[in-house]
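*Asks:* Got a sequence here, can you build the structure:
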Amino acid sequence: MSASVFEGFLSTPEMLEVFSEAAIVQAMMDFEAALAHAQADEGVIPAVAAAAIAGVCKAELYDVPALVGASGRAGSLAIPLVQKLTETVALFDAEAAAYVHWGSTSQDVIDTAMVLAMRRAMALIDRDLCSLIASLLALAEQHEEAPLLARTLLQPAQVVSFGFKLLAWVAPLVRSRQRLRAAARAALQLQLGGAVGTLAVMGDKAGAVLQRVGAALDLPVPIGAWHTQRDEMASLACGIGVLTGTLGKIAKDISLMAQAEVGELAEPSGSGRGGSSAMPHKRNPVAAMVALAAALRVPHRVSALLSAMVQEHERGLGNWQAELAESAGLYLSAHGALKALADVAGALQVDRGRMLRNIEALQGLVFAEAVAMHLARHIGKARAHGLLAHWSQQALASGRHLREVTLEAVQADEALRRHIDPQTIAALFDPAQAAQRAIEVARPQWQALRAAAQALDA
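*Replies:* The predicted model follows:
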């Protein structure tokens, strides 16, 4: 498909080629060639006719832009394509021309061509999803115990580990890869039903022709035509939408952690990557930007595809055509986001020192809950909570660390001093110790994710 400069910039050359005009026309030609051969093998059309038809099913023999231009007036790309194919066959064998597109219909050739394109698209998505997961698994192994601020409602909450943070990125990616494989198997099937889905023209040879066409194109043969049954296609689209939402979440986290005043992560730079036309110092997170752009646009495409399911009787009017256009855009956006993140994930720069400094900059306030719960064992939860709230206010007002304020208050209170060990209190302000719970919680989850990722790779 043709795309604007801004659409192409947010996708990838590979995916643009999958849905290019020439690629779709060739996929349609592949269907016509497979149909002719299958029908000849079953005696539905003469073998010489099939050879003549298949011999000119090559997109390079045709003026593809002219075919695409004519499709608007015809109402379908299949109509001018079949017409030109028929004319071309007639140049070599007038009798064979009568058997072009025998017993098929426009939606058969277009749906099957789109299935062939989507199969290529899904291979690209699976490849880069595998790469992204592998890079993030390696990043977790390298930095999984690094203490990191967890943030809720965009505010500092508690100390966790960087590995715990990465779980929220990797787990949905692994699940998406599993779901997308199942959804693709269900959706990417041969479409061949003839005028209303009964293959009436082929008679009792229809089933055998179906099997031969499916085998030639390496496509599963469904139990029947699915001209207006768009549930499997819609389910696959929803899976792509969910994946893109996950990519958007990862990109949002990266962009927030890469802000200069946070500085915990950075995308790789160099070779003009992430620069500014005005500010030489800029280091923009461009992979995150592409993924966020996709996460913004893909939900609208998925919504349009769900709306397009409402199709009339045995052939839709306008809704199927809308589905075709939105499907290509969906894959362009999703793969742009996925490839952008997959390309940088292995080179993400993790600043563990900055992570610690960001924790320390909060004057120990993120450890207040842990200290309060320790005190609660001795003086009750309500009193412990009240004391930590008061000491936190003191720390903020004085610019001191909550650890100092707490130890000072404990030393000054004889009742607290009898029950509270200052060394234990001081240890509760250790970021590495605070991260241990997150590390322990994450460990079995990482084991399960690595096993699931290996199973998918296998």
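*Asks:* ends of stretch 148-162, how far apart?
*Replies:* 6 Å (CA to CA, to the nearest Å).
*Asks:* ok, and what's touching it?
*Replies:* Contacting residues not belonging to stretch 148-162 are listed as 140, 143-147, 164-165, 264, 350, 352, 355, 358-359, 362, 365-367, 369-370, 431, 434-435, 438-439, 442 [CB atoms under 8 Å, 6 or more residues apart in numbering]. Where C-beta positions appear, they are placed from N, C-alpha and C, glycine not excepted.
*Asks:* So residue 291 sits against residue 334, correct?
*Replies:* No. With contact defined as CB atoms under 8 Å, residue 291 does not count as touching residue 334 (9.7 Å).
*Asks:* Quick check, pLDDT for residue 321.
*Replies:* In this prediction, residue 321 carries a pLDDT score of 94.
*Asks:* count of neighbours near it?
*Replies:* 14 (other CB atoms under 10 Å).
*Asks:* which SS class is it?
*Replies:* Secondary structure for residue 321, judged by DSSP: H, G, I helix; E, B strand; the rest coil, is helix.
*Asks:* what do you get for residue 148?
*Replies:* strand.
*Asks:* per-residue confidence for the most far-flung residue of the chain relative to its centre?
*Replies:* Distance from the centre of the chain peaks at residue 414, with 59.1 Å (CA atoms, centre = their mean). Looking at residue 414, its pLDDT stands at 87.
*Asks:* just residue 190 next, same as before
*Replies:* pLDDT for residue 190: 98.
*Asks:* With residue 272 instead?
*Replies:* As summarised for this prediction, residue 272 has a pLDDT of 51.
*Asks:* how near is residue 352 to residue 148?
*Replies:* Separation of residue 352 from residue 148 (CB to CB, to the nearest Å): 9 Å.
*Asks:* and the most centrally placed residue in the chain, what does it touch?
*Replies:* Centroid-nearest residue in the chain, with CA atoms, centre = their mean: residue 243, separated by 3.3 Å. Neighbour list for residue 243: 125, 129, 173, 176, 180, 334, 338 [criterion: CB under 8 Å, 6+ apart].
*Asks:* circling back: residues shared between the contacts of residue 291 and residue 334?
*Replies:* Listed as contacting both residue 291 and residue 334 by CB under 8 Å, 6+ apart are 244, 247.
*Asks:* Was I right to think residue 453 contacts residue 176?
*Replies:* No. Using CB under 8 Å, residue 453 makes no contact with residue 176, being 11.8 Å away.
*Asks:* Neighbour count for the two, which is higher?
*Replies:* Using other CB under 10 Å, the more surrounded residue of residue 453 and residue 176 is residue 176, with 23 against 20.
*Asks:* Look up which helix or strand the more buried one falls in, please.
*Replies:* Per DSSP states H and E: residue 176 is located in helix 162-187.
*Asks:* what comes up buried for the helix or strand that that helix is followed by?
*Replies:* Downstream of helix 162-187, the first helix or strand assigned by DSSP H and E is helix 206-217. Using 16 or more other CB atoms under 10 Å as the test for burial, helix 206-217 gives 206, 208-210, 212-214, 216-217.
*Asks:* How far does the longest helix along the chain sit from its chain's centre?
*Replies:* Ranked by residue count, the top helix of the chain under DSSP state H comes out as helix 106-143. Centroid displacement of helix 106-143 relative to its chain, using CA atoms, centre = their mean, to the nearest Å, is 8 Å.
*Asks:* What is the neighbour count of the closest residue to residue 407 other than its chain neighbours?
*Replies:* Spatial nearest neighbour of residue 407, chain neighbours left out: residue 422 (5.6 Å); criterion: CB to CB, 6 or more residues apart in numbering. Neighbourhood size, residue 422 [other CB under 10 Å]: 12.
*Asks:* if I pick residue 422, what's in contact with it?
*Replies:* Listed by CB under 8 Å, 6+ apart, the contact set of residue 422 reads 407, 410-411.
*Asks:* Residue 89 now?
*Replies:* Taking CB under 8 Å, 6+ apart, we find residue 89 in contact with 52-53, 56, 96-97, 100.
*Asks:* just to revisit the earlier point, okay, residue 352 and residue 148: which has more neighbours?
*Replies:* Neighbours were counted for residue 352 and for residue 148 using other CB under 10 Å; residue 148 has more, 25 against 14.
*Asks:* per-residue confidence at the more buried one?
*Replies:* For residue 148, the model assigns a pLDDT of 98.
*Asks:* can you tell me how far residue 175 sits from residue 91?
*Replies:* Using CB to CB, residue 175 is found at 53 Å from residue 91.
*Asks:* Ok, residue 82 next?
*Replies:* With CB to CB as the criterion, residue 82 and residue 91 are 15 Å apart.
*Asks:* The two - which one has more neighbours?
*Replies:* Set residue 82 next to residue 91 and count neighbours by other CB under 10 Å: residue 82 wins out with 19 against 10.
*Asks:* tally of neighbours for residue 424?
*Replies:* 10.
*Asks:* ugh, typo on my part, it should be residue 344
*Replies:* Counted with other CB under 10 Å, residues neighbouring residue 344 total 22.
*Asks:* same check, this time on the one 10 residues further on
*Replies:* By the measure other CB under 10 Å, the count of residues near residue 354 is 15.
*Asks:* The helix or strand hosting it - contacts with which helices or strands?
*Replies:* Assigned by DSSP H and E, residue 354 falls within helix 352-360. Packing partners of helix 352-360 (3 or more CB pairs under 8 Å, 6 or more residues apart in numbering; DSSP states H and E): strand 147-152, helix 431-457.
*Asks:* Including distance to residue 110, could the ones you listed go into JSON lines?
*Replies:* Shown next, in JSON lines, are the helices and strands packed on helix 352-360 (distance: least, CB to CB, whole Å):
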{"stretch": "strand 147-152", "distance to residue 110": "48"}
{"stretch": "helix 431-457", "distance to residue 110": "31"}
